[in-house]
Every structure is written in structure tokens, then in C-alpha cells.
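Asks: this one's structure only:
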Ligand SMILES: [Zn+2]
């Protein structure tokens, strides 16, 4: 099967224009409610959400579910 037309190979690659490096990262949404975070209460949108997340974290980390000791915790 003859290839019709010359193949354009080895062209100079245009490697983009000036990259915008070192810019400000995009604001992350509040992990609790998804609203844009407030700079005063990063990464949350409000002290309320910060408190909500803190409570979740504490209840997930420090509340012992039934057992006193976990044998899997030993190394
Ligand atoms: Zn929030």
C-alpha cells in the first residue's frame, strides 16, 4: 500500500510560551462544606466548619470503639 503524500516528520516542536510559574495556588474549597476557603480560617470557610472538622477528627481518632486494646497496634 503506497503512502500518498510526504509525511511531515521531524518538525521543530514549538515548546510553548512563557509558563506562568510561581503563581498563587488556586484556593482550595472548604473540606467540610465545599465553599471557598476563608483566608482567616484556612483551610476552612468559617470557624464553624473548622470546628465541625475538628470534632470529626477527634471523634474518629480518639474515640475507642469498644475495645480497650488493639493487638494489631503492636509492632
Ligand atoms: Zn465550610
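Replies: Alright, I've got the coordinates. This structure is a prediction, so every number in the text was calculated from the model and none was measured.

Asks: if I look at the closest residue to residue 47 other than its chain neighbours, how far off is residue 60?
Replies: Leaving aside its sequence neighbours, residue 47 sits nearest to residue 41 (C-beta to C-beta, 6 or more residues apart in numbering; 5.5 Å). Every C-beta, even on glycine, is put in place using the N, C-alpha and C of the backbone. According to C-beta to C-beta, to the nearest Å, residue 41 and residue 60 sit 21 Å apart.

Asks: Tell me which residues touch the residue nearest to residue 47, please.
Replies: Listed by C-beta atoms under 8 Å, 6 or more residues apart in numbering, the contact set of residue 41 reads 47, 49, 50.

Asks: Equivalent analysis for residue 38, please.
Replies: Contacts of residue 38 by C-beta under 8 Å, 6+ apart are 44, 45, 46.

Asks: Give me the below-cutoff pLDDT ranges for this structure.
Replies: 1-3, 9-21, 25-27, 61-75 (pLDDT under 70).

Asks: Mind doing that once more with 80?
Replies: The chain contains residues with pLDDT under 80 at 1-27, 60-75.

Asks: can you give me the helices for it?
Replies: Assigned by DSSP state H, the chain shows helices spanning 47-61.

Asks: which bits of it sit near the ion?
Replies: Contacts of the chain with the ion, taken as C-beta under 5 Å from the ion, map to 30, 32, 33, 35, 45, 49.

Asks: and the residue nearest to residue 47, how far is that from residue 58?
Replies: From residue 41 to residue 58 the distance is 18 Å (C-beta to C-beta).

Asks: now residue 31
Replies: As defined by C-beta to C-beta, residue 31 lies at a distance of 15 Å from residue 58.

Asks: same deal with residue 5?
Replies: For residue 5 relative to residue 58 (C-beta to C-beta), the value is 68 Å.

Asks: Compare neighbour counts for those two and give me the winner.
Replies: residue 58 (10 against 5; other C-beta atoms under 10 Å).

Asks: Residue 29: neighbouring residues, count only.
Replies: Applying other C-beta under 10 Å, I find that residue 29 has 14 neighbouring residues.
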